[in-house]
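Q: What follows is a protein structure lacking sequence information:
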């Protein structure tokens, strides 16, 4: 029997790697729905190759192009946020891959959880901005969340037989990004092209910049807090430049478990689809016949303040994680557009956290309100030149 899947964000880095796994396992996986933001050409190619029953495009201004390109098919074509949510809640989808980038992926994730789906979660921002809401929705509807981030997948695997009650620490590993060995003074002049050259991973632009600032690890701290139900002080971060150890769990008796593999996002994606089984993955093995060195060191919080800010937002609680997430999305976008310097990203985030505080969001509309309020604040502050950027 096929495992039926819906892919939210099929044209992004995670989505395309997911479809590579489907192509490798046609007798085991079948795609019933796909959605994308605006990449018409690629989603049309995907629709013709994988023949889903439903295709959705979030950007309604391009919906006519999609409809014309697939007019000779029997595929149901939808547009806008509601169309994406329809893909996420498709009646035939057993597993939903939530891979849309940023806060834009939240509503579709909640739609999947509301239908009791197995959610293969690759969208960090969902649990950062709306962790309480997402976990409560999953609980009420008996939905299961299987993390796709390599770090959280590693922890998920380490906890399969260890039990969360026996955990002393969760240790998230970080590559350190492209500027791990750079001096703090050098970071003021980093270009987007430099920041987009990750040494180990092939990811989308937003996630790659988050890795360069180490905000990705900060977001993962918050995500781990919600996913695994540990206390805030039970989550540590260690820099591991080889990206072979994807994360570790320290148990109360002092023993540790770690999940190791070559850095390939297809492995945690496939595991989310196959859990609790494991399917063959032919390439990609650590060659222990050759000398190997695995290094670990604490992160430099002075050089990478985003990591400190993320942990601070988790400690403060309330709306702080949602503010952190929104301010970071705006700042990363401004940096990619070459409108601010690299080290202005944490300055923008810290300014937003200092000026915007409130209660934790309890509904989707409240999450959206905090997100929009923060974006407006950041852009207005920059326009008024109050950030000295």
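A: Structure received. Here the structure is a predicted model, which means the values were calculated and not measured. Numbers count the residues shown, from 1 in each chain.

Q: Distance of the residue sitting furthest away from the middle of the chain relative to residue 47?
A: Within the chain, the residue lying farthest from the chain centre (Cα atoms, centre = their mean) is residue 72, at 34.8 Å. Per Cβ to Cβ, to the nearest Å, residue 72 is found 11 Å from residue 47. Just so you know, the C-beta spots here come from the backbone N, C-alpha and C atoms, and that holds for glycine as well.

Q: circling back: residues contacting the residue farthest from the centre of the chain?
A: Residues counted as contacts of residue 72 (Cβ atoms under 8 Å, 6 or more residues apart in numbering): none.

Q: That one belongs to a strand, doesn't it?
A: No - applying DSSP: H, G, I helix; E, B strand; the rest coil, one finds residue 72 to be coil, outside a strand.

Q: mind checking how far it is from residue 161?
A: 51 Å.

Q: Could I get the buried residue list for stretch 296-314?
A: 299, 303-311, 313-314 (16 or more other Cβ atoms under 10 Å).

Q: Just the ones in helices from those residues, please.
A: With DSSP state H as the criterion, helices contain 305-311, 313-314 from among those.

Q: Do a quick rundown of the strands in the stretch 201-350 of the chain.
A: 235-239, 245-251, 256-260 (DSSP state E, counting those that start in this stretch).

Q: Take the ones you listed and write them to a markdown table, including mean neighbour count.
A: Below are the strands of the stretch 201-350 of the chain laid out as a markdown table (neighbours: other Cβ atoms under 10 Å):
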| stretch | mean neighbour count |
| --- | --- |
| strand 235-239 | 20 |
| strand 245-251 | 22 |
| strand 256-260 | 16 |
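
Q: quick one: the strands in the stretch 1-150 of the chain?
A: Under DSSP E, counting those that start in this stretch, the stretch 1-150 of the chain gives strands at 3-8, 29-36, 54-57, 76-79, 95-98, 118-121, 144-147.

Q: Dump the ones you listed into a markdown table; add mean pLDDT and distance to residue 350 as well.
A: Formatted as a markdown table, the strands of the stretch 1-150 of the chain follow (pLDDT from 0 to 100; distance: least, Cβ to Cβ, whole Å):
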| stretch | mean pLDDT | distance to residue 350 |
| --- | --- | --- |
| strand 3-8 | 97 | 31 |
| strand 29-36 | 98 | 33 |
| strand 54-57 | 98 | 36 |
| strand 76-79 | 97 | 38 |
| strand 95-98 | 98 | 29 |
| strand 118-121 | 98 | 28 |
| strand 144-147 | 97 | 28 |
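
Q: Any chance of CSV for those, columns distance to residue 155 and mean neighbour count?
A: Listed next are these as CSV, based on distance: least, Cβ to Cβ, whole Å; neighbours: other Cβ atoms under 10 Å:
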stretch, distance to residue 155, mean neighbour count
strand 3-8, 23, 26
strand 29-36, 25, 25
strand 54-57, 32, 26
strand 76-79, 35, 19
strand 95-98, 18, 27
strand 118-121, 13, 26
strand 144-147, 8, 21
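
Q: and residue 376, how many neighbours?
A: 12 (other Cβ atoms under 10 Å).

Q: how near is it to residue 356?
A: Residue 376 is 10 Å from residue 356, where distance means Cβ to Cβ.

Q: ditto for residue 39
A: In terms of Cβ to Cβ, residue 39 sits 33 Å off from residue 356.

Q: Comparing these two, which residue is more hemmed in?
A: residue 356 (20 against 17).

Q: thought the more buried one was touching residue 372?
A: No - shown here, residue 356 and residue 372 do not form a contact pair, counting by Cβ atoms under 8 Å, at 11.6 Å.

Q: In contact with residue 301: list those residues for me.
A: With Cβ under 8 Å, 6+ apart, residue 301 has these contacts: 307-308.

Q: Scan the chain for its longest helix.
A: In the chain, with assignment by DSSP H, the single longest helix is helix 364-383.

Q: For that one, which helices and strands make contact with it?
A: helix 106-114, helix 124-140, helix 320-336, helix 344-355 (3 or more Cβ pairs under 8 Å, 6 or more residues apart in numbering; DSSP states H and E).

Q: ok, residues contacting that helix?
A: Outside helix 364-383, the residues that reach it (Cβ under 8 Å, 6+ apart) are 103, 106-107, 110, 129-130, 133, 319, 322-323, 325-327, 329-331, 334, 340, 348, 351-352, 355-356, 358, 361, 387, 389.

Q: List buried residues within those residues.
A: 103, 106-107, 110, 129-130, 133, 319, 322-323, 325-327, 329-331, 334, 340, 348, 351-352, 356, 361, 387, 389.

Q: Closest one of the ones in helices among the buried residues of stretch 296-314 to residue 213?
A: Nearest to residue 213 among those: residue 306, at 4.5 Å, using Cβ to Cβ.

Q: Point out where this protein drops to low pLDDT.
A: 162, 202, 385-389 (pLDDT under 70).

Q: same thing but at 80, please
A: Counting by pLDDT under 80, the chain has low-confidence residues at 1, 102, 161-163, 198-204, 383-389.

Q: can you count the residues close to the nearest residue in space to residue 137 that is not next to it in sequence?
A: In this structure, residue 137 finds its nearest non-sequential neighbour in residue 113, 4.4 Å apart by Cβ to Cβ, 6 or more residues apart in numbering. Residue 113: 30 surrounding residues under other Cβ under 10 Å.

Q: separation between residue 113 and residue 189?
A: 43 Å.

Q: Also residue 56?
A: 41 Å.

Q: Which positions within stretch 78-90 qualify as buried?
A: 78-79, 83-90.
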